[in-house]
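# Fold the following.
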Amino acid sequence: MATYVVMEPPGRSEKVDTTAFVRDGFTWLGLLVPPLWLAWHRLWIEAGLAFVVMALLSMAGQNLGLGVASSLLSTLVSFYVGLEGQGLRIAALRRRGWHEWGVVQAGRLDDADIRYALDVEGHAEEAAPPPRIVPDAALARPAQPGMALGLTHIPGRP
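Okay, the predicted model is just below:
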């Protein structure tokens, strides 16, 4: 079973359709074509950085005469995006104001959506607070000034 991180948009609207499900785990397309995968998920700055770093590592390897090792250096970026690509997506959504609702485990994305919808529906029914047994202190009578029973200090008396 896969684990999906459920991200809700800012404002916490009642629409369940606006949530984003990010599958937690390794991404093969992020390994094979990191800049394109990042751009597909609208991570523009990360895509540009990945492209530039891959190009710089490849050129540095060519200039140093490393041969095949120069292309292997650029695969480091590919492995990073493959391993941490989904985390980059979650971080980008957080920067945009989305918040993490929780985690859902499911075999497919459709199943994760159904489990999330059922869980949200269950929490909506439980949202009503139970009636108060003890009355609120704000509704109590105000304290009466003057003499009180007990061992209190009364100014002017010994």
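
# got the phi/psi numbers for the residue most central in space within the chain?
When Cα atoms, centre = their mean is applied to the chain, the residue found nearest the centroid is E100 (3.6 Å). Dihedral pair for E100: phi -80, psi 120, per degrees, to the nearest 10.

# shouldn't it be in contact with V6?
Yes: counting by Cβ atoms under 8 Å, V6 is a contact partner of E100 at 7.2 Å. Heads up, the C-betas are built off the backbone N, CA and C, glycines and all.

# all helices of the chain, in order?
Under the criterion DSSP state H, the chain contains helices at 28-32, 34-40, 44-63, 68-95, 109-125.

# Send me the lowest-mean-pLDDT helix or strand in the chain as PDB with only the CA atoms.
Least confident helix or strand of the chain, by mean pLDDT, DSSP states H and E, is helix 109-125 with a mean of 83. The C-alpha trace of helix 109-125 is given here as PDB (Å, rounded to 0.1, in the frame of the first residue of the first chain):
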ATOM      1  CA  LEU A 109      -5.100   7.400  -5.700                       C
ATOM      2  CA  ASP A 110      -8.900   6.800  -6.100                       C
ATOM      3  CA  ASP A 111      -8.900   4.700  -2.900                       C
ATOM      4  CA  ALA A 112      -7.000   7.400  -1.100                       C
ATOM      5  CA  ASP A 113      -9.600  10.000  -2.200                       C
ATOM      6  CA  ILE A 114     -12.400   7.800  -1.000                       C
ATOM      7  CA  ARG A 115     -10.800   7.200   2.400                       C
ATOM      8  CA  TYR A 116     -10.100  10.900   2.800                       C
ATOM      9  CA  ALA A 117     -13.700  11.800   2.000                       C
ATOM     10  CA  LEU A 118     -15.100   9.200   4.400                       C
ATOM     11  CA  ASP A 119     -12.800  10.400   7.200                       C
ATOM     12  CA  VAL A 120     -13.700  14.100   6.600                       C
ATOM     13  CA  GLU A 121     -17.400  13.200   6.600                       C
ATOM     14  CA  GLY A 122     -16.900  11.300   9.900                       C
ATOM     15  CA  HIS A 123     -15.100  14.300  11.500                       C
ATOM     16  CA  ALA A 124     -17.800  16.600  10.400                       C
ATOM     17  CA  GLU A 125     -20.400  14.700  12.400                       C
END
